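**Student:** no FASTA, just this:
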């Protein structure tokens, strides 16, 4: 079983749609959780951290359920520029330093 | 510009050759990483250095040897390249320890080096 699992997609949605991505992780010792965004042939960039209380950043809302080891990302009012791969990431401490474990990513294609 | 930079951006080479990829960050971070992203887009950590000391060493063939001459540089040397080494290699950096607190700090990635082994 992969440490972080995501539906690879692609999710094809029209502009203005709401889309949700889910992710599960296997290591219950995971301490921090994130969504990264990776555009085609580019490096990953942090989109947002994910907290148990849920957090929102504009059109993006992230949720964490530690009991179910489940993370979600909701994108409202999709824009063409949201087209990218969204990487679910968990971190845990390894020999006193954080180690990030990435999911394989969910590809989003927003069409006009 | 403040950033994580890598050279070269593209590297095409024959099987059996030895090659190096260089990484530099001018963000003042104390920790640097090498990741490999394979053809299935799976991004996996290979090595991590904190203040020039190796702290994470995943199960990577010993043909891969990282070297950190100083906090701002982390190079990756690969001996006897194999077809399976073809991938995009990303360098990243973060500030792990600030004031003794061990909380997450964002990792900033370089633009990647696309290695193709023929």
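**Tutor:** Thanks, I have it. Source: prediction; values computed, not measured.
**Student:** which parts of the longest strand seen in chain A are buried?
**Tutor:** Selection of the longest strand in chain A by residue count, based on DSSP state E, yields strand A:84-94. Of the residues in strand A:84-94, A:84-92 count as buried by neighbour count, 16 or more other CB atoms under 10 Å in any protein chain shown. Placement of C-beta: from N, CA and C, glycine included.
**Student:** could I get those as JSON lines with pLDDT and distance to chain B?
**Tutor:** Listed next are those as JSON lines, based on pLDDT from 0 to 100; distance: CB to the nearest CB, whole Å:
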{"residue": "A:84", "pLDDT": "97", "distance to chain B": "12"}
{"residue": "A:85", "pLDDT": "96", "distance to chain B": "7"}
{"residue": "A:86", "pLDDT": "97", "distance to chain B": "12"}
{"residue": "A:87", "pLDDT": "96", "distance to chain B": "7"}
{"residue": "A:88", "pLDDT": "96", "distance to chain B": "11"}
{"residue": "A:89", "pLDDT": "95", "distance to chain B": "9"}
{"residue": "A:90", "pLDDT": "94", "distance to chain B": "11"}
{"residue": "A:91", "pLDDT": "90", "distance to chain B": "6"}
{"residue": "A:92", "pLDDT": "82", "distance to chain B": "10"}
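**Student:** circling back to that earlier point, and the longest strand of chain A, what does it pack onto?
**Tutor:** Under the contact criterion of 3 or more CB pairs under 8 Å, 6 or more residues apart in numbering or on different chains; DSSP states H and E, strand A:84-94 touches strand A:4-6, strand A:19-25, strand A:32-38, strand A:70-75, strand A:97-102, strand A:106-111.
**Student:** tabulate those strands (JSON lines), appending mean pLDDT.
**Tutor:** As requested, these are exported to JSON lines (pLDDT from 0 to 100):
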{"stretch": "strand A:4-6", "mean pLDDT": "94"}
{"stretch": "strand A:19-25", "mean pLDDT": "95"}
{"stretch": "strand A:32-38", "mean pLDDT": "94"}
{"stretch": "strand A:70-75", "mean pLDDT": "96"}
{"stretch": "strand A:97-102", "mean pLDDT": "87"}
{"stretch": "strand A:106-111", "mean pLDDT": "97"}
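**Student:** between those, which one is closest to residue B:70.
**Tutor:** Residue B:70 lies closest to strand A:97-102 among the helices and strands packed on strand A:84-94, at 18.5 Å (CB to CB).
**Student:** who are the packing partners of that closest one?
**Tutor:** If you count contacts as 3+ CB pairs under 8 Å, 6+ apart, strand A:97-102 packs onto strand A:32-38, strand A:84-94, strand B:43-50, strand B:53-57.
**Student:** what angle do the longest one and strand A:106-111 make?
**Tutor:** Note on geometry: by axes from the mean of the first three to the mean of the last three CA atoms, to 10 degrees, strand A:84-94 and strand A:106-111 are set 160 degrees apart in direction.
**Student:** and chain A, is stretch B:35-55 touching that?
**Tutor:** Yes - for a cut-off given as CB under 8 Å from any CB of the partner chain, stretch B:35-55 has contacts with chain A, namely B:40-45, B:48, B:50, B:55.
**Student:** list the residues that contact the nearest residue in space to residue B:10 that is not next to it in sequence.
**Tutor:** Nearest residue to residue B:10, sequence neighbours excluded (CB to CB, 6 or more residues apart in numbering or on different chains): residue B:114, at 5.1 Å. When contacts are counted by CB atoms under 8 Å, 6 or more residues apart in numbering or on different chains, residue B:114 is found next to B:9-11, B:88.
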